[in-house]
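J.: Generate a structure from the sequence data that follows.
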Amino acid sequence: MRASRKMWAVALAAVLMGGCLAALAQDKMAMGDEGDVAARLQKLGKDLNLTDDQKTKLKPILQSQADDWKAVHNDSSLTPAQKRMKMKEIHDKYAPQINEILTPDQQAKWKQMKQEAWEKHKEGMSKQQ
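T.: The predicted structure is shown next:
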């Protein structure tokens, strides 16, 4: 059972990271690197009703996370599976830092948003098969 939980967590992280990478790629085309963080922060601010103080605290975390994702994305020496694992590591590194800034209600909403993204991804994958 422990292995299935671990596999589920890895799969969820990979899906979330994939979605984030796709969003980052689209944002980069539209706004450039600084716009990536601004767009993500704006979306989180709206969806989670963040205060200005929370936005200020989240911005450097999101910037570091985006920089790490970009480095992995641009590393042509990694296989897709290795990239997914690196993305999971990045997610695991920054998720607790983000959670520390959020209120319990915001944490619950963020968890719900990630779950909905996972379900939407699964639905899209089943349509492709």
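J.: doesn't Asn99 make contact with Gln54?
T.: No. The pair Gln54 / Asn99 is not scored as a contact, 11.7 Å apart, by CB atoms under 8 Å. All C-beta spots, glycine's among them, are computed from the backbone N, C-alpha and C.
J.: Pick out whichever of the two has more residues nearby.
T.: Gln54 (19 against 13; other CB atoms under 10 Å).
J.: for the residue nearest to Leu62 when sequence neighbours are not counted, what are its contacts?
T.: Nearest residue to Leu62 in three dimensions, chain neighbours excluded: Val37, at 4.9 Å (CB to CB, 6 or more residues apart in numbering). By CB atoms under 8 Å, 6 or more residues apart in numbering, Val37 lies in contact with 59, 62-63, 66.
J.: Check the offset of the helix or strand where Val37 lies from the chain's centre.
T.: Using DSSP states H and E, Val37 sits in helix 33-48. Counting by CA atoms, centre = their mean, to the nearest Å, helix 33-48 is centred 12 Å from the centre of its parent chain.
J.: same check, this time on stretch 74-86
T.: The chain centroid and the centroid of stretch 74-86 are separated by 16 Å, computed with CA atoms, centre = their mean.
J.: go on, stretch 64-83?
T.: That offset, for stretch 64-83, works out to 13 Å (CA atoms, centre = their mean).
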